[in-house]
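K.L.:
predicted model and sequence below, questions to follow.
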Amino acid sequence: VDLVLSYKHVIPTGEFRLPVILNVCELPPAGGIVNTGKQIVLCLMGQTLQPFEPYLHIPVADPRYYKHCEWGFERTPIGLMTPPIQYYTLANHGTSQLQYHLDLTEVEALNAASFGFDVVTCLDNTDGELDPGDEVTLRWVFNPLEAKMHTWTVPISVV
């Protein structure tokens, strides 16, 4: 089954939400349409950009566990010799190149407060460029020293 949705919007720029009710129907061999009574509610969300505007897309975390604009790593046991690498992807959904910068000030403070042990490490460059439609997957290591909730902020800026 292919579903193609096309529409024109009147919002010049900004975020929008479009609720859509999809009725599931059958096409009997004799022709016509038989409504099966099943409906699916879709909430389409989007962002309208100006021409040549870069747009850094930051993935949405599971809202059951995280607040808006939060992201979390997988739970990691303490004492691992080689903790797992965890991934976070940034994408440029705009139409022009963008440069980004990750501010690791709080990560550095967390590591310093943990007796200089690298509890959190970003294995990739904190500065980069993304062409339109490109993405970068950042590799992180979370290696806790103690069983507690660790929190930190990594501001991401488009420069």
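P.N.:
Received it, and whenever you're ready, just let me know what you need.
K.L.:
could you use CA atoms for every contact and neighbour count after this?
P.N.:
Noted.
K.L.:
so F16 is in which element?
P.N.:
F16 belongs to strand 14-26 when assigned by DSSP states H and E.
K.L.:
that strand pairs with which strands, and in what direction?
P.N.:
Applying DSSP bridges, strand 14-26 is found paired with strand 34-48 (antiparallel).
K.L.:
following element in sequence after the partner strand, please.
P.N.:
Heading C-terminal from strand 34-48, the first helix or strand you meet, by DSSP H and E, is strand 56-57.
K.L.:
just how off-centre is that next one within its chain?
P.N.:
Per CA atoms, centre = their mean, to the nearest Å, the displacement of strand 56-57 from the mean C-alpha position of its chain is 8 Å.
K.L.:
residue ranges with poor pLDDT in the protein?
P.N.:
For the chain, applying pLDDT under 70 flags the ranges 1, 6-12, 65-69.
K.L.:
need the residue closest to the centroid of it.
P.N.:
P59 (0.4 Å; CA atoms, centre = their mean).
K.L.:
for stretch 90-101, which outside residues touch it?
P.N.:
Defining contact as CA atoms under 8 Å, 6 or more residues apart in numbering, one finds that stretch 90-101 is touched by 49, 51-59, 126-138, 156-159.
K.L.:
in PyMOL, how would I select the buried members of these?
P.N.:
Listed next is the PyMOL selection for buried residues among those, using 16 or more other CA atoms under 10 Å:
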select buried, resi 49+54+55+56+129+130+131+132+135+138+156
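K.L.:
quick one: the helices in this protein, in order.
P.N.:
105-113 (DSSP state H).
K.L.:
give the residue farthest from the middle of it.
P.N.:
Residue of the chain lying farthest from the centroid, by CA atoms, centre = their mean: A30 (46.2 Å).
K.L.:
can you pull out the residues in contact with stretch 44-51?
P.N.:
For stretch 44-51, contacts defined as CA under 8 Å, 6+ apart pick out 11-20, 55, 94-95.
K.L.:
what comes up buried for that stretch?
P.N.:
Result for stretch 44-51 [16+ other CA under 10 Å]: buried residues L49.
K.L.:
alright, that wraps it up for me.
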